[in-house]
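S.K.: next input, structure requested:
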Amino acid sequence: MKTEKMAFNIYYMTNVSFSIYDNDTKVYETNALLLPETLRNEIEEDKLGIVIEHKDNKIYRVQTNYDMTYLSIYSNNRNILLGPFLINDDYEQIIDRLILSFRLISEEAEMIENFYHGMKILSETQQNMFINCLVLSDNLNENTPRIYNVHAKRTVENDSQSTKSNDYTLKNIENNIEIEEMLLSIVRNGDVESAQNLDFQKISNQHIIYKNNSFTNMKTNLMIFDALCNREAIKAGVDKLLAYKISNNIKFHIHKLSVSSELKLIAQKILTTYSKAVKEYTLLNYSNNIRKIILFVRKNLTKSFSLDDVAKELFITKEHLSRLFKKEVGITISEYIIKSKIEEAKSLLRSTDYNILNIATLLNFANSSHFSNSFKKVTGISPSEYRKQPSV
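M.R.: The predicted structure follows:
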């Protein structure tokens, strides 16, 4: 009981959770894992595997396939698992792999991100300190406990027929990790030319779109690909609000898909759109003031504001603000505002049934003529002509 009390103290001090097993049955845990059910079940299998294998007085540090780590202690016929926790912050690729292997989209993909970002990172020193506290609380071992590093074993093997029928297994993903990295690096680097020239016909059967998949599964795979590219664009410096809008627009096109011949075109659109966003809208290369200006403009596209309003927001004069912006961005603030409104208009023309007047009013143009003239000046065609063009 002393060991369990010490585990509680560690939990209250660090928020590192723990579980207690009695005769290989979980009798207590501090908090349930807020994860998609399929992944949560797999983690529970990993934990049970640790418990079944650990029936001696050694102290195990166990790392699973997804870089989750546990400290395992066996005392008085009970197993105590401290964790999961992380031992470093290099987990972004693990998140990507989980999103792919469990085919997670939208809220479930966000659950994975939140879970990993919320897990504690424990140094070697911290782990040793916790082990010493647990050991000394119940005289489990020698004065200087030794930690044995092991890897988690699975207690339940997947049914072979089920594995064969699943075209989107972890094995498939691992076999194509180079393709995945190549695609995401195109987004990361804002390499629009490579995105446009990539031959999806050659790689789709290996990675995104599978020959034996149902049409519904193929659409789901595109949603997963969108989620991965979205994350990569945000990591590269694209504003989250913009990335959210891009993703919503892409999901709209995916839902509209009716024939499989369009799948590869949508995959190309996803790659190209996020690459363009990184190239044209990433904020990492701008100074703090310019980033604030750009974010202010993007967040207020549907509101009426002036250069004076932007200057007040940043507590600098509008003259100084204009000089800074032109120097770093290469165009004036007014030109940038118009360009941003036209990009938003393009999205609305594609994804809504709003008429030209509705869009002009929404984006605070003086009238529909002003909007149409501005649109044609930026794009070379009228809003009506743009709407009639193929969406991919």
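S.K.: for T38, which non-adjacent residue is spatially closest?
M.R.: Nearest residue to T38, sequence neighbours excluded (Cβ to Cβ, 6 or more residues apart in numbering): F102, at 5.4 Å. For the C-beta atoms, the positions are set from N, CA and C on the backbone; glycine is no exception.
S.K.: who touches the one you found in this structure?
M.R.: Each residue near F102 by Cβ atoms under 8 Å, 6 or more residues apart in numbering is listed here: P36, T38, L39, E108.
S.K.: at 10 Å what do you get?
M.R.: Neighbour list for F102: L35, P36, E37, T38, L39, E42, E108, A109, I112, Y168, L170, I224 [criterion: Cβ atoms under 10 Å, 6 or more residues apart in numbering].
S.K.: mind putting those in JSON lines, neighbour count and distance to S382 included?
M.R.: Output for the contacts of F102, formatted as JSON lines (neighbours: other Cβ atoms under 10 Å; distance: Cβ to Cβ, whole Å):
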{"residue": "L35", "neighbour count": "19", "distance to S382": "49"}
{"residue": "P36", "neighbour count": "19", "distance to S382": "46"}
{"residue": "E37", "neighbour count": "9", "distance to S382": "50"}
{"residue": "T38", "neighbour count": "13", "distance to S382": "49"}
{"residue": "L39", "neighbour count": "19", "distance to S382": "49"}
{"residue": "E42", "neighbour count": "21", "distance to S382": "53"}
{"residue": "E108", "neighbour count": "18", "distance to S382": "41"}
{"residue": "A109", "neighbour count": "24", "distance to S382": "38"}
{"residue": "I112", "neighbour count": "22", "distance to S382": "43"}
{"residue": "Y168", "neighbour count": "17", "distance to S382": "43"}
{"residue": "L170", "neighbour count": "15", "distance to S382": "49"}
{"residue": "I224", "neighbour count": "20", "distance to S382": "36"}
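S.K.: pull the most distant pair out of these.
M.R.: L35 and Y168 (18.6 Å; Cβ to Cβ).
S.K.: thinking again about what came up before, separation between the residue nearest to T38 and K219?
M.R.: Distance, F102 to K219, by Cβ to Cβ, to the nearest Å: 17 Å.
S.K.: among the contacts of F102, find the lowest-pLDDT one for me.
M.R.: Among the contacts of F102, Y168 carries the lowest pLDDT, at 36.
S.K.: how distant is stretch 69-81 from the center of its chain?
M.R.: Stretch 69-81 has its C-alpha centroid displaced from the chain centroid by 33 Å (Cα atoms, centre = their mean, to the nearest Å).
S.K.: now it: average pLDDT?
M.R.: Mean predicted confidence for stretch 69-81 is 87.
S.K.: measure it end to end?
M.R.: 10 Å (Cα to Cα, to the nearest Å).
S.K.: extract the C-alpha trace of stretch 10-23 and format it as PDB.
M.R.: Extracted C-alpha coordinates of stretch 10-23, given in PDB (Å, rounded to 0.1, in the frame of the first residue of the first chain):
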ATOM      1  CA  ILE A  10       3.900  11.400  -7.900                       C
ATOM      2  CA  TYR A  11       0.600  11.700  -9.900                       C
ATOM      3  CA  TYR A  12      -0.500  14.800  -7.900                       C
ATOM      4  CA  MET A  13       3.000  16.400  -8.200                       C
ATOM      5  CA  THR A  14       3.600  15.700 -11.900                       C
ATOM      6  CA  ASN A  15       0.200  14.600 -13.500                       C
ATOM      7  CA  VAL A  16       1.900  11.400 -14.700                       C
ATOM      8  CA  SER A  17      -0.900   8.900 -14.500                       C
ATOM      9  CA  PHE A  18      -0.600   5.300 -13.200                       C
ATOM     10  CA  SER A  19      -2.500   2.100 -13.200                       C
ATOM     11  CA  ILE A  20      -2.700  -0.800 -10.700                       C
ATOM     12  CA  TYR A  21      -3.200  -4.400 -11.700                       C
ATOM     13  CA  ASP A  22      -4.200  -7.300  -9.400                       C
ATOM     14  CA  ASN A  23      -3.700 -10.800 -10.900                       C
END
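S.K.: buried sites along it?
M.R.: By neighbour count on 16 or more other Cβ atoms under 10 Å, the buried set for stretch 10-23 is I10, V16, S17, F18, S19, I20, Y21.
S.K.: chain center to it, what's the gap?
M.R.: The chain centre lies 28 Å from the centre of stretch 10-23; the measure is Cα atoms, centre = their mean.
S.K.: also stretch 324-339?
M.R.: 31 Å.
S.K.: what of stretch 313-327?
M.R.: With Cα atoms, centre = their mean as the basis, stretch 313-327 stands 34 Å off its chain's centre.
S.K.: quick one: the spatially most central residue of the chain and K245, what's the gap?
M.R.: Geometric centre of the chain, nearest residue: R231, 4.1 Å, by Cα atoms, centre = their mean. Using Cβ to Cβ, one gets 15 Å for the distance from R231 to K245.
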